[in-house]
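K.L.:
Next one to model:
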Amino acid sequence: MSRTAGTGDAAVGIGDDEAALLVGHGSRREASNEAVRDLAVGLEDRLDLPTDVAFLELAEPSIPDAIAGLAHSTSRLTLVPLSLFAAGHVKNDLPLAVQRARSEHPDVRLHAGAHLGIHPAILDLLDDRAAAVEAELGVDRSTDDVAVVVCARGSSDPDSNADVHKLSRLLYEGRSFSRVEAAFIGVTEPLLDAALHDVAKARPDAVVVLPYMLGDGVLTGRIREGAAAFDADYPYVDAAAGDPLGTDPRLLDVLSDRWQEARTDSVDMSCDTCKYKVELDGYEADEGGARAMLRALTHQQAHEDREDVADEPHAHDAPGAHLAVCTNRTCAADGSPTVLETLRQAARDADADLHVTRSSCFDQCGDGPIVAQYPDGVWYGGCDTADADRIVSAVERDRIVSDLVHQTL
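P.N.:
Sure thing, here's the model as predicted:
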């Protein structure tokens, strides 16, 4: 017995043992994690499909643990990221986790979905958030000069930042706002304070600040503080900040669309402007699949230990170094699983500040087993069990095993 889900002209039957996995970022604020779980409950009702939750970092279960928990009862699993834009987590961390899971659970068909992105339901949601602030300020965009500033987190990924500007323009189109500008609370420009002061030069009646974030956390608080400070500094302009997206049911419209795209293998990513796929001015060092994987592994290492540090959400007592061993088909045939276990034992014997994990393909087939050492960016090729002690010893002494070096990044 199966049901049918359609995406465009495609129709794929939904099996009784199919499931979905909603992947949130993860937070030390349990309220934020609970919001992800609430959305998962709503998505399960919407899809009529078992839907579990996983987190990229800072919360449990992790993606590998969540997949392992579903693998015994699922033949098809679709991962849907609860991410506003496509940056490192969506482009690197999630695909890496899926690749690893495919090698560990070969009987489960795994699909990775796209980020929430720009969707009509999100534009409608932002429009309503703006209307709520207008009501609070006692203004009406049809008769008053109302400007909007959409404030996002800010990213080192140009795709992510560019989409904030596109979203802002689409919110302006067809509505009676005098202008809609994009701003960021950090990382990149224009920062919120500068954007607000620029908008003030046109002397609007009111400025609506929309936090483009899912949860109501520290950054949303900074946006509200920025709007309040601007309101105090400019007595001729009324200004206030709205609420984040939260768990509004319209997000389920977006998530269900992203699920359908993923399970029919029709996810369309922005590869033409992806700094990991093409060379962009200012981002030359980030180009290439090997670099992208290294960045994902390095970021993953930074979150291995989730020690609670209240004032620094990305500070962790992570291991000093990390070894990743390719266990994909070609390297596995050359003995990489045994190399993996020998490295783990050598690290335990030496009580080394070192984490050893399996990885999916490094795209160096025929030159393995491949062992990647990071954050140093050194890849060893043709490794065997006899090399384990030498590699671990070199890590401890902050050295490299020169005769094994396959490439450096």
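
K.L.:
and the closest residue to Gly366 other than its chain neighbours, what pLDDT?
P.N.:
Of all residues not flanking Gly366 in the chain, Thr330 sits nearest, at 6.5 Å (Cβ to Cβ, 6 or more residues apart in numbering). C-betas here are computed from N, CA, C, even on glycine. Thr330 is assigned a pLDDT of 81 by the prediction.

K.L.:
I figured Thr330 hits Cys365, correct?
P.N.:
Yes - the pair Thr330 / Cys365 is scored as a contact, 4.4 Å apart, by Cβ atoms under 8 Å.

K.L.:
Verify the stated contact: His89 with Leu82.
P.N.:
No - the criterion here is Cβ under 8 Å, and His89 misses it with Leu82 at 10.3 Å.

K.L.:
out of the two, which sits in the busier spot?
P.N.:
Leu82 (24 against 19; other Cβ atoms under 10 Å).

K.L.:
which ones are touching the more buried one?
P.N.:
22-25, 36, 39, 116, 214, 255 (Cβ atoms under 8 Å, 6 or more residues apart in numbering).

K.L.:
just the buried members of those?
P.N.:
Burial by neighbour count, 16 or more other Cβ atoms under 10 Å: within the contacts of Leu82 this picks out 22-25, 36, 39, 116, 214, 255.

K.L.:
which residue ranges form the strands in the stretch 1-150 of the chain?
P.N.:
Applying DSSP state E, counting those that start in this stretch to the stretch 1-150 of the chain gives strands spanning 2-7, 10-15, 18-24, 51-55, 76-81, 109-112, 146-152.

K.L.:
Mean neighbour count, those: which tops it?
P.N.:
strand 146-152 (a mean of 27; mean count of other Cβ atoms under 10 Å).

K.L.:
quick one: strands adjacent to that strand?
P.N.:
strand 179-184 (parallel), strand 206-211 (parallel) (DSSP bridges).

K.L.:
so who does Val139 touch?
P.N.:
Neighbour list for Val139: 146, 205-206, 238 [criterion: Cβ under 8 Å, 6+ apart].

K.L.:
Pull the most distant pair out of those.
P.N.:
Val146 and Asp238 (9.4 Å; Cβ to Cβ).

K.L.:
Overlap of the contact sets of these two?
P.N.:
In contact with both Val146 and Asp238: 139, 205-207, using Cβ under 8 Å, 6+ apart.

K.L.:
rewinding a little: can you work out which residues contact both of His89 and Leu82?
P.N.:
Shared contacts of His89 and Leu82, counting by Cβ under 8 Å, 6+ apart, come down to His25.

K.L.:
shaky segments in the protein?
P.N.:
Residue ranges of the chain with pLDDT under 70: 1-13, 15, 268-281, 283-319, 360, 407-409.

K.L.:
and with 50 instead?
P.N.:
1-2, 6-11, 305-318 (pLDDT under 50).

K.L.:
Which parts of it belong to which domain?
P.N.:
2-115+250-270, 120-241, 288-408 (automatic domain parsing).

K.L.:
would you list the ones you listed in CSV and tack on distance to Gly282?
P.N.:
CSV is the format used below for the domains of the chain (distance: least, Cβ to Cβ, whole Å):
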stretch, distance to Gly282
domain 2-115+250-270, 16
domain 120-241, 8
domain 288-408, 15
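
K.L.:
What is the neighbour count of Trp379?
P.N.:
Neighbours of Trp379 (other Cβ under 10 Å): 23.

K.L.:
Show me what the helix or strand hosting Arg258 is packed against.
P.N.:
Arg258 is part of helix 250-263, with elements assigned from DSSP states H and E. Where contact means 3 or more Cβ pairs under 8 Å, 6 or more residues apart in numbering; DSSP states H and E, helix 250-263 is packed against strand 2-7, helix 30-47, strand 76-81, strand 109-112, helix 120-137.
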